[in-house]
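J.: got a predicted structure here, sequence first:
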Amino acid sequence: MANMLLIILKQAAFPRSKIRITICLDDAIVRAYKAKAGGRGYQTLINEALRRGLEADSVKVAIT
């Protein structure tokens, strides 16, 4: 399990492609990211925030 998580984290560092998903987020979250995004895509900002969260998560500690 820990080896698989390490592989996922390494792949996340160098994304090859993106996967289309459907996700429900709070309206306030979406509005805040759209406002913050300006000319960039707000979904890109959400993806980056999720990536930072994953990197900081205790899961990373568990695999090191």
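T.: Ah, there it is. Numbering: from 1, shown residues only.

J.: what helices or strands is the strand or helix carrying K34 leaning on?
T.: Per DSSP states H and E: K34 is located in helix 27-37. Contact partners of helix 27-37 among helices and strands, from 3 or more CB pairs under 8 Å, 6 or more residues apart in numbering; DSSP states H and E: helix 42-56. C-beta here means a position set from N, CA and C on the backbone, and glycine is covered the same way.

J.: mind listing what's buried along the helix it packs on?
T.: Of the residues in helix 42-56, Y42, L45, I46 count as buried by neighbour count, 16 or more other CB atoms under 10 Å.

J.: now do the contacts for Q43.
T.: When contacts are counted by CB atoms under 8 Å, 6 or more residues apart in numbering, Q43 is found next to Y33.

J.: could you do K36 as well?
T.: So, once contact is read as CB under 8 Å, 6+ apart, K36 ends up touching Y42, L45.
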